[in-house]
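Visitor: missing the sequence, but the structure's below:
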């Protein structure tokens, strides 16, 4: 069943892009995006429009739950297109390896093609991973700014005094 084409058309009419679409375990998960981010009102409208189309066309014979959302701060990465939008960003991924334990990598994406992603991991250097071996991956959002050195550290400030005994 091709749901991607009609969903993409519906979203395009709403000024949104289809980021991802997955149907598994009775859940139809649709992730929408647009430059500058998606508002709650836009997600709600997309949910309503897609739901109405699904009800009218009945492309899924079994019971299912529709879930429309935005990618969030830490986007899930599944496809070559997803990875190609992350060049220069920090990602984390779990790599399945034949006859070896699963490896967790975190670093900046330096290159992506249709089959592989290359990550500059802090401890391993540049690591090239076959996309078919990626168990799961996502972008990494760093909460808060890095601490800057205080220019007043060690200096007296107004209202402070040093007492000597």
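Guide: Looks like it came in fine. A quick note: this is a predicted structure, and the numbers were derived from the prediction, not measured.

Visitor: hey, let's count contacts and neighbours off CA atoms from now on
Guide: OK.

Visitor: pull the longest strand from this protein.
Guide: In the chain, taking DSSP state E as the definition, the longest strand is strand 100-112.

Visitor: Show me the beta-bridge partners of residue 31.
Guide: residue 20, residue 69 (DSSP bridges).

Visitor: Number of residues surrounding it?
Guide: The number of residues packed near residue 31 is 20, by other Cα atoms under 10 Å.

Visitor: Mind pulling the model confidence for it?
Guide: As predicted, residue 31 sits at a pLDDT of 95.

Visitor: likewise residue 48?
Guide: Reported pLDDT for residue 48: 97.

Visitor: how about it, secondary structure?
Guide: Here residue 48 is recorded as helix under DSSP: H, G, I helix; E, B strand; the rest coil.

Visitor: what does residue 132 give?
Guide: Residue 132 ends up helix, using three-state DSSP.

Visitor: start at 16 instead
Guide: Right, with 16 as the first residue, what we last looked at is residue 147.

Visitor: Relative to the helix or strand containing residue 142, what are the paired strands and their orientations?
Guide: Here residue 142 sits within strand 140-145, counting by DSSP states H and E. Strand 140-145 has its sheet partners listed here by DSSP bridges as strand 131-136 (antiparallel).

Visitor: With residue 116 as the reference, measure out to the residue lying closest to residue 62 once chain neighbours are set aside.
Guide: Among residues not flanking residue 62 along the chain, residue 83 sits closest, at 5.6 Å (Cα to Cα, 6 or more residues apart in numbering). With distances taken as Cα to Cα, to the nearest Å, residue 83 is found 35 Å from residue 116.
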